[in-house]
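S.K.: Provided below are the primary sequence and the corresponding predicted coordinates.
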Amino acid sequence: MAIAAHEETVHGSGHAHPSDLQYVYVALFLGVVTGAEIVLGYRHPNALIIGSLLTLMVIKFATVALWFMHLRFDSLLFRRFFLTGILLAAGVYIAIMMTAFQFFGNDTTSVPLNKIPPPARITR
Amino acid sequence: MALTEERPLLELTAGDDEVRQPLGSFRRPTSTTGWRSWITTVDHKRIGILYGATALTFFAIGGLEALLIRAQLAQPNGQVLSPERYNQAFTMHGTTMVFLVIMPMLAAFANYLIPLQIGARDVAFPRLNALSFWIFLFGGLFLYSGAVLDQIADNGWFNYAPNSGVLYSPGHGIDFWTLGLQIAGIASLLGAVNLIVTCINMRAPGMTLMRMPIFTWMALVAQFLLLFAIPVITVALFLLMFDRLFGGNFFVVQKGADPLMWQHLFWIFGHPEVYILVLPAFGIVSEVIPVFARKPLFGYPFMVFSGIAIGFMGWGVWAHHMFASGAGPVTVAAFSLSTMFIAVPTGVKIFNWIGTLWGGKLQFTTAMCFAIALVSQFTIGGLSGVTHSISPSDWQQTDTYYIVAHFHYVLFGGSVFGIFAGFYFWWPKVFGRCLDEKIGKIHFFTWLIGFNLTFGPMHVLGLQGQPRRTATYADGMGWNLMNLLSSIGAFTIGVGFLIFIFNVVKSRNNVVTDPDPWDARTLEWATSSPPPAHNFDISPTVSSLDEWWHRKYELGDDHKLHRREHPESFTAATPPENIHLPSPSYWPLIIAAGLPFIGWGLIYSYWLAGFGGLLTFVGIYGLVLEPSVDPDAGHHGHADTHDTHEPEPAAVVAGAAEAEEDADQ
Amino acid sequence: MTRLPAARRRKGLRLVPVLALSLLLSACASNAPQDTLKPEGPYARKIDHLFNPVFLIAVAVFCLVQGLVLFAIVKFRRRPGDEDFPEQLHGNTRLELGWTILPAIILGAVGVFTVPVIFDLSEVPKNALQVEVTGQKYWWSYTYQAQSKFGISDPIITANELHIPAGVPVALKLDSKDVIHSFWAPRLNGKKDVVPGRVHDWKLEADHPGVYSGQCAEFCGISHANMRLKVVAHDKAGWADWVAHMQTKPTKPTSGLAAEGYDLFAQKGCSGCHQVDGEYQTVAADSPSAPNLTHLFSRDCFAGCIYNLDDRNEVEAWLRNPQRKAGSLMRIGQLSEAEIDRLYAYLETLK
Amino acid sequence: MTDTIVHAPIPDQSEGHHTSTGLSNEKLAMWAFLGSECLLFGGLISVFLIYRNKPVGVGPKVSQIYDIPFTSVSSFVLLMSSLTMVLALAGIQRGDHRRARIWILTTAALGATFVAGQVYEFTSFVREGLGYTTNLQSSAFYTLTGFHGVHVTIGIIMLLSLYTLSLRGNLPTEKAETVEIVGLYWHFVDVVWILIFTVVYLIHP
């Protein structure tokens, strides 16, 4: 599906890959971002903190995918496969969380736990 | 079944040298005939046949279950089955028909046809392909193995929580169901990866995506749906399994779980699943109709893109199975609208088929009859679908026989009619023998009448308020006549199936001489029937859609089409000499054989699971380390520089890893 | 290739609409108490009014498609000996766009009419009679909290038969004690799932007094088929009578078989699960939920509304073996016929 | 036509130049598989997110007993294993097999450290009174992180297999793609943990 009419855009991984040193820089960058995340994680969570944590998460995700997984250098087809998976997953699962339940809040439609009756004796 | 008959030798390996194994244990299979060649085969065509034969067997079983259901419901207060048995019957009927019949039948077509239609020697990973089949078979056998111990699932194919929990279903039936579907799921996932790579990477020179035959296209879309939908049901099945076997709380309401979680996960898988079941069947009839209308498919690009559109939109409509489950009005409205609009690309397909018929010169072979019947019967299913995309009317119709009627018009009138069109159409290709046309017609009309008699009245029953999944109904509800008609229809379908089996048996003597008996259009008809192991003596090059047809016909000076005297085909006078094909292997069978033991082990004793895990683990290493092409197997020459013990590339490691993953859980 | 005479093929397909039509006709003629096409209240009617035009559109499209297919089969069949090719038409973009856009427009129009109905039906009615509905394996219980507007001063608990005043909206709060059920009285409204751990709002209204049949519509286990219900709609006076009757307490029988039955009711463990207001108030902590029997004999049916209460044989058969309804949670030891007579005599006093 | 026999793609050949797109079958298969895995982990993560807000009833809430510093260290370890993985690949692509083996082994070791950390974390949680069956959150938590742990473990097994192959000289430079494909799987497992670390550990309302 993702590949319809795009076969001419793909070709072998002819591009030069980064040098070892560049990989180390990327890893350092990831380390720094992780540090920032941890610092933010200790703050009281409000919309801003959660927003920046999620942003940093996406940045890390993208960095690993683009550099270490070579998506930056490799065929567009691979990127399409992976993105289709990610977007479908994000789409359907966020839809569940938005429709039937609530995401980062309390679910109010449920019966409180102590009001749920104990299981009846079922002997079949 | 004419499956084990003598077929032309697969010219695969010549020598019968005994080849040492990487693991040193036992000899590499070399036979090309007999049962051993079938259980070790990695040939996509033989695997396709195995899929088909297995699925037909399960079709008979699932059909018997359906007959039990209809016998029980033929009259009010039926006493044929106890309520318990009735629930088991409808559960296994649904599960079998979806997972063990229609899916593998379509897998049979996809396996057999895709490499031939795109001009390839085989699928991208032939050994993985064999693994998929064996895992599927053992998954199905595992699912039914519970019956030996009278542990049969009885909570419906949808298996809603919390009734599926240990508390309300204390037996092991649901465990067999859960684990069996997980095993079958591995098979589907591996198959999907394999066929996607095949379609993308194995096409013959010149076979661009927009020259791919429409069946290959629809099967490809279905494989993408499988690729992304299988993990979702895997999550649901794992959670349920952990609940039941390890005391998890995912669907335990008393611990605060929400039963709707199961429904969401199940239907996120379940709706794309509907298109997985029906899109390849659409592909089949889109191949059959042009051949017998002697016209190209009307609007090929529209057919392709509507298939892709259905594939995408299929992800946005799952909650229409849950309109009455308690979602808020905004959700209901949104999914109502998305469901209505998925009818648009489906409608495009129907009108394009009519466009193909229009102005053609229709030849009513049995395959064509089934194909046209799909157009007409599926339309009914599609239209009843529109009536309950209107969620308020779905509040009346859901969980009634109206829904049963609807999805049988989709899955029987759609998928099964399409599949049988395919059977009649490709039978000569696969076996070199024709199914008898006269008997085929009798089969067709028995089914057309039986089918409408079974499921037509169910519309009425549903609108008159008969809920589905009820083991009995009282007299005086006004449902007696329709139920009786429906049961008569079901047994008519049963008779039709016997006629088909008779036709299959009889076809042994009906050898075809022309490898292209229907004057067909696509590449698979450009080789011998049945095709040689390497498919094409000469590798095809493609320059148009419907390549084979364009090689047969040319436009003359009189603006009429003329058949060329000797169309360029892909068969050579002398067999080709430098074709390497992967050698047969025992390992796929061994890997798959471990999985049921893991299942039984998880239910009854971890020792069994350990044994199964070990078998699978060893099998994976055996498969990975075994060279795909047996170095000592004789080839006709060694023109290629491709030899010696190359370890199998890692994709197989990774693919198998996920089988292993289940082993480890 | 052998070819099928076109006439036979035509006949085969012509059967389909004929069959469908005759089925529809016979459907209209028969008497089905749960017919969704014969609404008896405003909500069900709203659904019906939405369904009917859409159904007609569907029938129109059905006729169009089948007509085109049949026409093509007849007109474009290949004559014997005709070896020529028809015109090799590959498609017609304008036409194809047309049959993409036109259905989209029709469906869009249908959608415009659908959405308001969804919101309408999802709205909780004001000034409605409030009833809490609880589903459990395999029967329904109903609780009416005190509502002065409807003359209810003490809570009313009853089972299987939902009594409502006609012409008045009824707001239901649906909850389940075990698995998912679905509450459905087809002539009064569509169905709504009854999900454990969630409370769902739903509503009913009947135009006229009468008895409306319904049943559980979500598969809930072995006796799913036997989880039926009745909605009894009263006129004004009837409603007042019913409420007044339900506000009374039964009197303890003092003599005769009924008095012996009263004692047996406790001895045999019935009171461990079944409540009788004013007499047997508390049930065992771990008992499965069982119907409140205070006004048992004011009902018409019992055990998920599958047996008639006015048939003494049915009641006795039940006391002999409650397992005659598969999956019944009622456990009662072997009773002698004399004990059954006594218990029946007592139960009969619970009017 | 008859004298030049054009080679159609021959199955099971890892060399990319035989295929219609020029891409290797195995790599394409791995990417397809990873696309599919997105929906698996997406499902597990969302089940956890949905159930985390439900009342727990018995036992502690998971978020009450997180050891963020410990998890941060093990997350960092896993993150760095991605670096060593990519260095291993660069090594084998250069033909530097000795270095490639060292990095492969390092990656496996870092992965093993992560898994060991997870085992420690699980046992300490159990000591705090949060078993698998304790409450809704705990089931969801252990399932999600356990699934991830199993993926890491499978990755370690594949890395060790590569190491053995290389020792035996069965992993020549032409087969560098095998390492790349295992590497893709490994990095994927890493990016999944990036999600889990943020969404499960750091953000807890």
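M.R.: Received, thanks.
S.K.: Output stretch D:194-205 as CSV, nothing but the C-alphas.
M.R.: C-alpha atoms of stretch D:194-205 as CSV (Å, rounded to 0.1, in the frame of the first residue of the first chain):
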residue,chain,number,x,y,z
ILE,D,194,12.7,4.9,24.4
LEU,D,195,8.9,5.0,24.2
ILE,D,196,8.4,2.9,27.3
PHE,D,197,10.9,4.8,29.4
THR,D,198,9.2,8.1,28.7
VAL,D,199,5.5,7.1,28.7
VAL,D,200,5.6,4.5,31.4
TYR,D,201,8.3,5.6,33.8
LEU,D,202,8.7,9.4,33.4
ILE,D,203,5.1,10.5,32.9
HIS,D,204,2.9,9.3,35.7
PRO,D,205,0.1,11.6,36.7
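S.K.: From the rest of the structure, what touches that stretch?
M.R.: Here stretch D:194-205 makes contact (C-beta atoms under 8 Å, 6 or more residues apart in numbering or on different chains) with A:37-38, A:40-41, A:45, A:50, A:53-54, A:56-57, A:60-61, A:64, A:104-105, D:41, D:45, D:48-49, D:52-53, D:63, D:66, D:68, D:71-72, D:75, D:79, D:141, D:144-145, D:148. Any C-beta I mention is one placed from the backbone N, CA and C, and that applies to glycine too.
S.K.: Any idea which helix or strand in chain C has the lowest mean pLDDT?
M.R.: The weakest-scoring helix or strand in chain C, judged by mean pLDDT, DSSP states H and E, is helix C:6-29 (a mean of 56).
S.K.: Downstream of it, the next helix or strand is which one?
M.R.: Counting by DSSP states H and E, the next helix or strand C-terminal to helix C:6-29 is helix C:42-75.
S.K.: Quick check: what element follows that next one along the chain?
M.R.: helix C:93-122.
S.K.: can you tell me if that following helix touches chain A.
M.R.: No - remark: helix C:93-122 sits outside contact range of chain A, by C-beta under 8 Å from any C-beta of the partner chain, the gap being at least 13.4 Å.
S.K.: Contact partners for B:Phe228?
M.R.: A:Thr84, A:Gly85, A:Leu88, B:Pro272, B:Trp315, D:Gly35, D:Ser36, D:Leu39.
S.K.: ok, now with 7 Å
M.R.: Counting by C-beta atoms under 7 Å, 6 or more residues apart in numbering or on different chains, B:Phe228 touches A:Gly85, A:Leu88, D:Gly35, D:Ser36, D:Leu39.
S.K.: Among those, which ones lie close to chain B?
M.R.: A:Gly85, A:Leu88, D:Gly35, D:Ser36, D:Leu39 (C-beta under 7 Å from any C-beta of the partner chain).
S.K.: I'd like the secondary structure assignment at B:Thr234, please.
M.R.: helix (DSSP: H, G, I helix; E, B strand; the rest coil).
S.K.: Any idea how many residues pack against it?
M.R.: Per other C-beta atoms under 10 Å in any protein chain shown, the neighbour tally for B:Thr234 reads 24.
S.K.: how close does it sit to B:Gly489?
M.R.: According to C-beta to C-beta, to the nearest Å, B:Thr234 and B:Gly489 sit 36 Å apart.
S.K.: Ok, B:Thr331 next?
M.R.: 37 Å.
S.K.: Which pair in the ones next to chain B among the contacts of B:Phe228 has the greatest spatial separation?
M.R.: A:Leu88 and D:Ser36 (9.9 Å; C-beta to C-beta).
S.K.: So which of these two has more stuff around it?
M.R.: Legend: neighbour count by other C-beta under 10 Å for A:Leu88 and D:Ser36, higher for D:Ser36 (27 against 24).
S.K.: Now do that one against chain A, distance only.
M.R.: 6 Å (C-beta to the nearest C-beta, to the nearest Å).
S.K.: Which residue, other than its chain neighbours, is closest to that residue?
M.R.: Closest residue in space to D:Ser36, ignoring its immediate chain neighbours: B:Leu227 at 4.8 Å, by C-beta to C-beta, 6 or more residues apart in numbering or on different chains.
S.K.: What of D:Met158?
M.R.: Nearest in space to D:Met158, with sequence neighbours left out and distances taken as C-beta to C-beta, 6+ apart, is D:Val182 at 4.9 Å.
S.K.: What about the ones next to chain B among the contacts of B:Phe228, which are in helices?
M.R.: Counting by DSSP state H, the part of the ones next to chain B among the contacts of B:Phe228 found in helices is A:Gly85, A:Leu88, D:Gly35, D:Ser36, D:Leu39.
S.K.: Distance to B:His44 and pLDDT for those - can I get that in CSV?
M.R.: Formatted as CSV, those follow (distance: C-beta to C-beta, whole Å; pLDDT from 0 to 100):
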residue, distance to B:His44, pLDDT
A:Gly85, 26, 95
A:Leu88, 28, 95
D:Gly35, 23, 96
D:Ser36, 22, 97
D:Leu39, 27, 97
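S.K.: List just the nearest of those to chain C.
M.R.: A:Leu88 (23.7 Å; C-beta to the nearest C-beta).
S.K.: Return the residues in contact with that closest one.
M.R.: So A:Leu88 contacts B:Phe228, B:Trp315, D:Leu39 (C-beta under 7 Å, 6+ apart).
S.K.: Make TSV out of those and add distance to B:Arg468.
M.R.: As requested, those are exported to TSV (distance: C-beta to C-beta, whole Å):
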residue	distance to B:Arg468
B:Phe228	29
B:Trp315	26
D:Leu39	30
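S.K.: ok, now how distant is B:Arg244 from C:Lys177?
M.R.: Look at B:Arg244 and C:Lys177: by C-beta to C-beta, they are 21 Å apart.
S.K.: quick one: which of those two has more around it?
M.R.: The residue with more neighbours, out of B:Arg244 and C:Lys177, is B:Arg244; 23 against 20, by other C-beta under 10 Å.
S.K.: Where does that one fall, secondary structure wise?
M.R.: helix B:214-246.
S.K.: Mind checking the pLDDT average for that helix?
M.R.: The average pLDDT for helix B:214-246 rounds to 97.
S.K.: Off-centre distance for it?
M.R.: Centroid separation between helix B:214-246 and its chain, computed with C-alpha atoms, centre = their mean, to the nearest Å, is 13 Å.
S.K.: in it, what counts as buried?
M.R.: Judged by neighbour count (16 or more other C-beta atoms under 10 Å in any protein chain shown), helix B:214-246 contains these buried residues: B:214-244.
S.K.: what about the residue lying closest to A:Leu66 once chain neighbours are set aside, neighbour count?
M.R.: In space, and not counting its chain neighbours, A:Leu66 is closest to A:Arg72: 4.3 Å by C-beta to C-beta, 6+ apart. For A:Arg72, the neighbour count with other C-beta under 10 Å is 15.
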